[in-house]
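1. A structural model of the following input is requested.
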Amino acid sequence: MKITFPHMGTSWIAFKTLVEGIGHEAVLPPPPTKRTLDLGTKYAPEFACLPFKVLLGTYLEALEMGADTIISSGGVGPCRAGYYTQLQGRILREQLGYDVRVITFEPPRGHLLDTFRILRDLVKVSFPEFATAAWLAWQKLLALDALERESHRVRPLELDKGTTSRVLSQGIAAIEQADSVKEVRNVTADFLERFRQIPKDPEYEPLKVGVIGEIYVVLEPFVNLDVVETLGHMGVYVDRSIFLTNWVTENTFLDTFRVQAERSARMAAQPYLPELVGGHGQTILGETVLYAKRGFDGVVQLAPFTCIPEIVAKSIMPRVSKDLDIPVLTLMLDEQTGKAGIATRLEAFVALLKMRRNRLAMTRGETA
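-> Have a look, this model is predicted:
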């Protein structure tokens with residue numbers, strides 16, 4: 001098989017390792033571009049959300065490169081993401097005439113037998129070889145997330161703007177080339193040290209902003225128009241609520257065995273939205289509550305236009321913001337959204353947060 005998969009941030013590196021490790025050829029999905037979005041928009045239903053359109057365009061580009069199989073994930077609840085692969089497969093086969101197989105991994109809880117059957121069909125190597133490939137892929141995911149987290153911490157402090165992003169790009173490339181767990185760990189340690197050596201302003205105290213929202217728009221910089229990097233260059237420390245390793249741990253392993261962390265976002269959201277509404281509608285409210293309790297200056301919500309769970313959360317967000325005194329900026333994203341417009345809104349939001357922090361500091365000083 002010539003297998004492709006969604007391009008979502010840096011996760012393609014780990015997926016490539018796994019696909020090749022189980023005995024198949026990986027057709028790397030190209031990084032999304034305007035062409036990708038235009039292709040997806042051309043063939044997607046008019047009111048499909050932005051992730052659907054970008055993913056459809058990505059699959060079309062991968063099929064042009066020779067892919068014959070697409071692997072993606074499903075979903076639960078009322079979010080339309082659970083139907084993405086079914087509808088995309090029909091568009092590719094029935095509307096566009098591609099002979100393509102679409103394989104959907106549903107959340108393991110309630111689908112363990114289906115997952116086992118898919119793996120039995122896909123894996124063409126021995127179990128020890130499969131376990132080795134899966135472990136290496138997981139270690140690469142952990143390493144990529146570790147470097148991204150550190151880049152978020154360092155970027156607002158750097159003296160030479162752009163240094164952090166360059167080091168991060170080099171680290172990502174080195175992790176892609178690593179072919180053993182030991183090498184992955186050595187590369188991670190090396191680049192974490194490089195981040196520490198970047199000249200920084202030791203006196204600067206950056207604003208702290210949490211970024212929440214639908215997983216694809218949070219993880220894929222092309223789709224969110226580089227919100228995280230833009231904020232970092234504005235001198236803001238960004239804490240992204242979703243990293244793929246955390247999401248997999250919480251929504252695959254822990255959810256399968258019905259284990260829930262005591263301080264999880266779902267529990268924090270209970271006073272505002274006690275029911276699951278699909279997607280990340282409930283969890284982003286809980287994340288906002290947790291960011292407020294951690295003393296963050298503000299929150300940015302990234303939401304695909306027409307996404308029902310995000311719209312539900314957006315309607316409740318003003319109450320959360322008022323109750324916990326934490327400013328929230330919601331950015332609704334679609335194919336018409338421009339990077340310059342997003343940057344302008346972020347600049348205004350950051351200016352508001354700076355004034356708010358100064359006002360709070362003066363109030364504390366007067367109280368003292």
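2. C-alpha only now, for contacts and for neighbours.
-> Will do.
3. Which segments of the protein make up each domain?
-> What automatic domain parsing lists as the domains of the chain is 2-125, 127-204, 206-368.
4. Which positions in stretch 330-347 come out as buried?
-> Of the residues in stretch 330-347, Thr330, Leu331, Met332, Leu333, Asp334, Glu335, Ile342, Ala343, Leu346 count as buried by neighbour count, 16 or more other Cα atoms under 10 Å.
5. Taking those, tell me the two that lie furthest apart.
-> Glu335 and Leu346 (18.7 Å; Cα to Cα).
6. Can you pull out the low-pLDDT segments for the stretch 201-350 of the chain?
-> Along the stretch 201-350 of the chain, segments meeting pLDDT under 70 span 251-263.
7. all helices for it, in order.
-> 215-219, 221-224, 227-233, 244-248, 255-256, 265-268, 281-293, 308-324, 339-367 (DSSP state H, counting those that start in this stretch).
8. In three-state terms, label Pro45 for me.
-> Assigned with DSSP: H, G, I helix; E, B strand; the rest coil, Pro45 falls in the coil class.
9. Identify the residue spatially nearest to the spatially most central residue of the chain, adjacent ones excluded.
-> Central residue of the chain (Cα atoms, centre = their mean): Leu219, 2.3 Å from the mean position. Among residues not flanking Leu219 along the chain, Gly9 sits closest, at 5.2 Å (Cα to Cα, 6 or more residues apart in numbering).
10. Kindly list the main-chain dihedrals of that neighbour?
-> phi 60, psi -130 (degrees, to the nearest 10).
11. Check Ala48 too.
-> Dihedral angles for Ala48 - degrees, to the nearest 10 - are phi -70, psi 150.
12. Okay, strands next: where are they in this protein?
-> 2-4, 25-26, 69-73, 101-105, 207-213, 236-240, 298-304, 328-333 (DSSP state E).
13. Could you list the buried residues of the first one?
-> Same thing as strand 2-4. Quick answer for strand 2-4 (16+ other Cα under 10 Å): Lys2, Ile3, Thr4.
14. Name the nearest of those residues relative to Val289.
-> Lowest distance from Val289 to the buried residues of strand 2-4 (Cα to Cα) belongs to Thr4, with 37.4 Å.
15. For that closest one, give its distance to Thr363.
-> Here Thr4 is placed at a distance of 56 Å from Thr363 (Cα to Cα, to the nearest Å).
16. go on, Thr245?
-> Distance of Thr245 to Thr363, given as Cα to Cα: 41 Å.
17. With Trp138 instead?
-> For Trp138, the distance to Thr363 - Cα to Cα - is 48 Å.
18. and the closest residue to Val100 other than its chain neighbours, what does it touch?
-> Spatial nearest neighbour of Val100, excluding adjacent residues (Cα to Cα, 6+ apart): Asp68 at 5.0 Å. Residues in contact with Asp68 (Cα atoms under 8 Å, 6 or more residues apart in numbering) are Met1, Lys2, Ile3, Thr4, Asp99, Val100, Arg101.
19. isn't the second one right up against Gly66?
-> Yep, that's Lys2 we're talking about. Yes: checked against Cα atoms under 8 Å, the pair Lys2 and Gly66 is within contact range at 7.1 Å.
20. what residues are shared contacts of these two?
-> Val27.
21. where does the stretch 51-200 of the chain dip in pLDDT?
-> 75-78, 108-111.
22. Okay, helices next: where are they in it?
-> With DSSP H, counting those that start in this stretch as the criterion, the stretch 51-200 of the chain has helices spanning 84-90, 112-122, 127-154, 163-177, 181-197.
23. Same list, these, but as TSV with mean neighbour count and distance to Asp226 please.
-> Below are those laid out as TSV (neighbours: other Cα atoms under 10 Å; distance: least, Cα to Cα, whole Å):
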stretch	mean neighbour count	distance to Asp226
helix 84-90	19	24
helix 112-122	13	34
helix 127-154	19	12
helix 163-177	17	12
helix 181-197	16	20
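24. In JSON lines, list those along with distance to Arg294.
-> Output for those, formatted as JSON lines (distance: least, Cα to Cα, whole Å):
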{"stretch": "helix 84-90", "distance to Arg294": "35"}
{"stretch": "helix 112-122", "distance to Arg294": "37"}
{"stretch": "helix 127-154", "distance to Arg294": "16"}
{"stretch": "helix 163-177", "distance to Arg294": "25"}
{"stretch": "helix 181-197", "distance to Arg294": "24"}
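25. quick one: which of these is nearest Glu20?
-> Short answer: helix 127-154, nearest of the helices of the stretch 51-200 of the chain by Cα to Cα, at 8.3 Å.
26. Could you figure out how far the closest one is turned away from strand 207-213?
-> Here the directions of helix 127-154 and strand 207-213 differ by 140 degrees (axes from the mean of the first three to the mean of the last three Cα atoms, to 10 degrees).
27. elements contacting helix 127-154?
-> Contacts defined by 3 or more Cα pairs under 8 Å, 6 or more residues apart in numbering; DSSP states H and E place helix 127-154 against helix 12-21, helix 163-177, helix 181-197, helix 227-233, strand 236-240, helix 244-248.
28. Relative to Arg117, tell me which of the ones you listed wins on proximity.
-> Taking these one by one with Cα to Cα, helix 12-21 is closest: 16.5 Å.
29. Give me the contacts around that closest one.
-> The contact list for helix 12-21 (Cα under 8 Å, 6+ apart) reads 3, 5-6, 25-26, 28-29, 125, 129-130, 133-134, 136-138, 140-141, 176.
30. ok, now with 6 Å
-> Contacts of helix 12-21 with the rest of the structure, by Cα atoms under 6 Å, 6 or more residues apart in numbering, involve Ala26, Ala133, Ala134, Ala137, Lys140, Leu141, Glu176.
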